[in-house]
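Chemist: My questions are about this predicted structure, shown below with the sequence.
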Amino acid sequence: MADVHPEHAQLQADRIYLGWQYILLHPDPGPPPKRPSPAEEEEQRQAEPDPELLRRERLQEDMLNRPVRIFRTFMMILTAIILVAAVAGYLNWSFALIGLVAAGGVAAICWYALLLGDRAVKYRVQEQQARDDRQRQERDKELFQAQEEHAQRYREWQEEKDRHDRQLTWYAVAVPDEIDRVDVAGGTLPGWSALITLLGATRLYSGGHLTVLDLSEGAIAKDLIELASRGGDDPLVWVLPVDLPKLDLGATLTPEAFADVLAHVVSVSEESRTTRDLSFDNAILERVLEVLGENATINQVTAALRALAQVGDPRDDLRFGLITATQLERIGTLFGRGVSDRVVIERAWALESQLRKLETLGTQAVRLPPARLRVVSMDRQAGVLGNRVLGTYVATALTHILRQSPASDRPWYHTIIVAGADKLRGDV
């Protein structure tokens, strides 16, 4: 299983990424909270005083005070009649004064009662308006508090919305730390190209290094090379066998490792090869390399094998400087003389015929600038057997170089991709 963690969104050079996965850490908070507000009718009722309240109170008071008002009117009329009678001389003033005091007093009492009624009406209206004002203030206070809470909820919603909008939704799927090899089977050439481009792009973007060995004969690293070039990198690319003279892979191998590489190269054309045959070829090559010395080239190895197999005229190789007279003499006595010499001759002949395909290896090699991306690809026009020989050489030589390299404390820092590994023998 691959690791999928948000902290892996930032690509790291010591991890390998197989793809991208959609993860939503902060869900969508939805619509913003609704702002609280009073109803329209309530707003109108709060904004405008009730004109019917005073009219209803006055109408009620008038209905209650109508007998008093009628009685007051009667007393005022009676007072006026008594006064007129007294002035006209029809009534004695002593009786008239008593009547005026009595009728006027009753009328004054009625008037005062009506005045108190009017004051009571105004007081009740004012009390109702005060209650309405208090209720309006309480509603305003509650509305203010609700709006404050709404403002707080809106700020929280805005923060969640910003986190949702700014968050990364695609996270790199990383290989677990304890895994140092990933095998991928099946697929098509376009699919392999997409996978290699993804792996290579994340490697290069995170500052890592990448080597691609493309044995598929489909140039599946083409998109990655173009992407790296556009990104400012200058990848090193070898298309074999055309670029075989420029490839110096294996030049720094020890003679024992070089012999093992060449023995595996020869074995690819012989399906029935056994471990004993491979060991026998390895022994022949080791002895030949002992004679040739350090930093022997493929040309020198094939020349020595021709001398050992007694193929052609060794003086041609002497003339071209591939071997020396001393080396030629030592090669002739490597395995002695006798019946067993025939077996050695046959194997040396087979070794020379297979290794001849690599004779141009490194003949035009130059010192190249370091590059974070290196690609070795096979050209399908070279033939099936030739590409198997070349692919086996590159794979085994690369394996020995890795074994000789010191262990890195940064896993996956230098990643190697082998595409089309099914074209290699199982032991390779």
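Modeler: On my side now, so go ahead.

Chemist: quick one, phi psi at residue 417?
Modeler: For residue 417, the backbone dihedrals (degrees, to the nearest 10) come out as phi -110, psi 120.

Chemist: Spit out the contact partners of it.
Modeler: With contact taken as CB atoms under 8 Å, 6 or more residues apart in numbering, residue 417 is in contact with 196, 199, 200, 210, 211, 212, 213. No exception for glycine: its C-beta is placed from N, CA and C like everyone else's.

Chemist: again, 7 Å this time
Modeler: Shown in contact with residue 417 (CB atoms under 7 Å, 6 or more residues apart in numbering): 196, 199, 210, 212, 213.

Chemist: What is the nearest of those to residue 237?
Modeler: Among the contacts of residue 417, residue 212 lies closest to residue 237 (CB to CB), at 9.3 Å.

Chemist: Now do the SS call for that closest one.
Modeler: At residue 212 the chain is in strand, as set by DSSP: H, G, I helix; E, B strand; the rest coil.

Chemist: the strands in the stretch 151-300 of the chain, which residues?
Modeler: 170-174, 209-214, 236-240 (DSSP state E, counting those that start in this stretch).

Chemist: May I have the longest one as CSV, with CA atoms only?
Modeler: The C-alpha trace of strand 209-214 is given here as CSV (Å, rounded to 0.1, in the frame of the first residue of the first chain):
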residue,chain,number,x,y,z
HIS,A,209,18.2,12.1,-9.7
LEU,A,210,16.8,9.6,-12.2
THR,A,211,18.3,7.0,-14.5
VAL,A,212,16.0,5.4,-17.0
LEU,A,213,16.9,2.1,-18.8
ASP,A,214,14.3,1.8,-21.6
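
Chemist: quick check, distance from it to the centre of its chain.
Modeler: Counting by CA atoms, centre = their mean, to the nearest Å, strand 209-214 is centred 24 Å from the centre of its parent chain.

Chemist: So which other helices or strands are in contact with that strand?
Modeler: helix 189-205, strand 373-378, helix 384-404, strand 414-419 (3 or more CB pairs under 7 Å, 6 or more residues apart in numbering; DSSP states H and E).

Chemist: what about residue 321, how many neighbours?
Modeler: 10 (other CB atoms under 10 Å).

Chemist: swap in residue 105?
Modeler: Residue 105 has 12 nearby residues by other CB under 10 Å.

Chemist: so how far is the host helix or strand of it off the chain centroid?
Modeler: Residue 105 is located in helix 93-166, with elements delineated by DSSP states H and E. Helix 93-166 sits 64 Å away from the centroid of its parent chain (CA atoms, centre = their mean).

Chemist: unless I'm mixing things up, residue 393 is touching residue 264, no?
Modeler: No - using CB atoms under 7 Å, residue 393 is not in contact with residue 264, being 8.0 Å away.

Chemist: related to what we said a few turns ago, highest mean neighbour count out of the strands of the stretch 151-300 of the chain?
Modeler: For those, the largest average neighbour count (mean count of other CB atoms under 10 Å) is found in strand 209-214, namely a mean of 22.

Chemist: Return the per-residue confidence for residue 304.
Modeler: pLDDT recorded at residue 304 is 90.

Chemist: quick revisit: which of the strands of the stretch 151-300 of the chain has the lowest average pLDDT?
Modeler: Mean pLDDT is lowest for strand 170-174 among those, at a mean of 80.

Chemist: by how many degrees do it and helix 189-205 diverge?
Modeler: Inter-element angle recorded for strand 170-174 and helix 189-205: 90 degrees (by axes from the mean of the first three to the mean of the last three CA atoms, to 10 degrees).

Chemist: related to what we said a few turns ago, of all the helices and strands packed on strand 209-214, which lies closest to residue 217?
Modeler: strand 373-378 (5.0 Å).

Chemist: Okay, now the sheet partners of the closest one, with direction.
Modeler: Sheet pairing for strand 373-378, assigned by DSSP bridges, gives strand 209-214 (parallel), strand 236-240 (parallel).

Chemist: Pull the distance from it to the chain's centre.
Modeler: The answer for strand 373-378 is 28 Å, by CA atoms, centre = their mean.

Chemist: Then stretch 234-246?
Modeler: Centroid separation for stretch 234-246 versus its chain: 35 Å, with CA atoms, centre = their mean.

Chemist: Can you give me the end-to-end span of it?
Modeler: With CA to CA, to the nearest Å as the measure, the ends of stretch 234-246 fall 17 Å from one another.

Chemist: Residue 302 is in contact with residue 317, correct?
Modeler: No - contact status for residue 317 versus residue 302: not in contact, 8.9 Å apart, counting by CB under 7 Å.

Chemist: Between those two, which has more neighbouring residues?
Modeler: Of the pair residue 317 and residue 302, residue 302 is the one with more neighbours under other CB under 10 Å, namely 24 against 21.

Chemist: got the phi/psi numbers for the more buried one?
Modeler: phi -70, psi -40.

Chemist: Isn't it up against residue 360?
Modeler: No - the pair residue 302 / residue 360 is not scored as a contact, 11.0 Å apart, by CB under 7 Å.

Chemist: Between residue 393 and residue 264, point out the one with more neighbours.
Modeler: residue 393 (26 against 23).

Chemist: Please read off the pLDDT at the closest residue to the more buried one other than its chain neighbours from the model.
Modeler: Nearest residue to residue 393, sequence neighbours excluded (CB to CB, 6 or more residues apart in numbering): residue 265, at 4.8 Å. In this model, residue 265 is scored at 84, pLDDT.
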